[in-house]
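Undergrad: Quick one, what's the 3D model for this:
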Amino acid sequence: MFQLTEIADDAPTHSMENFKLIDTKTLWVSLKAIKRLVDTNSLPVENLSISKEVEDNQLPQQENAADLPIWLFNQAIGINVPQSRFLQLNATSDLLRLKSDIYSAVDGSLVRNPARTNPLDPSIELGPEFEKIDDFKSRFQSIPSIVELDSLKVTGDVWFGTGVSLKGKVSIHAEPGTTLNIPNDTVIENKEINHRADI
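TA: Alright, predicted model coming up:
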């Protein structure tokens, strides 16, 4: 994360030397500094995009490279956020983790459940059936309890009832052409579920 606050009067050619690692997931920018850049025509916009190819169709894709103009600011501050405080949300597997009983929202901040004795979050893999938000929501009548979960892998046409608890290492796989419904209030601990009879 970087906080960009001031325009550099004599900006160095590469102020990124100040930072050993750069991963600008968040940028905070002073509007006064931006105004000074605009007023002095010092904000280059023609070279702030990156072209890359998409593997599926090989079409060029443009992305804004927001970290490129950092060198224009003479008071750029790099803030190191430890992994323990960073919760990614890139897929529905991350959403399941965040909506579970491992975390709760307190005064706008996520607080870890003290009942979770493992310092690491569980590894969660959800199949393509859970990839879209609407599908994810419809397949869980309620988010399972995973405070004692180590790992979860779900593939195929799987549906969860209410009050389900998952503990230890759990794998749930519905064979092609079949549906697996996890009943309400089911507790699954260190099991591999491939058929209804396995529950």
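Undergrad: Phi first, then psi, for N113.
TA: Torsion angles at N113 (phi, psi; degrees, to the nearest 10) stand at phi -70, psi 120.
Undergrad: dump the residue contacts of it.
TA: N113 makes contact with D101, I102, Y103, S104, V147 under the criterion C-beta atoms under 8 Å, 6 or more residues apart in numbering. Using the backbone N, CA and C atoms, a C-beta is placed for each residue, glycine as well.
Undergrad: 10 Å instead?
TA: Going by C-beta atoms under 10 Å, 6 or more residues apart in numbering, N113 touches S100, D101, I102, Y103, S104, V147.
Undergrad: Only the buried residues of stretch 29-37, if you could.
TA: For stretch 29-37, burial by neighbour count (16 or more other C-beta atoms under 10 Å) applies to V29, A33, I34, R36, L37.
Undergrad: Restricted to strands, list those.
TA: Among the buried residues of stretch 29-37, the members found in strands (DSSP state E) are V29.
Undergrad: circling back to that earlier point, please check the contacts of N113 and keep the buried ones.
TA: Neighbour-count burial (16+ other C-beta under 10 Å) is assigned, among these, to S100, I102, Y103, V147.
Undergrad: Make a markdown table out of the residues you listed and add pLDDT.
TA: Below are the buried ones among the contacts of N113 laid out as a markdown table (pLDDT from 0 to 100):
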| residue | pLDDT |
| --- | --- |
| S100 | 95 |
| I102 | 94 |
| Y103 | 90 |
| V147 | 97 |
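Undergrad: before we move on, the earlier item: quick one: which of the buried residues of stretch 29-37 sit in helices?
TA: A33, I34, R36, L37 (DSSP state H).
Undergrad: Which of those sits closest to P119?
TA: Ranked by distance to P119 (C-beta to C-beta), those are led by A33 at 39.7 Å.
Undergrad: right, and that closest one touches L72 too?
TA: Yes. Taking C-beta atoms under 10 Å as the definition, A33 is a contact partner of L72 at 8.4 Å.
Undergrad: give me the low-pLDDT residue ranges for the chain?
TA: Residues of the chain that meet the criterion pLDDT under 70 lie in 1-26, 43-69, 80-86.
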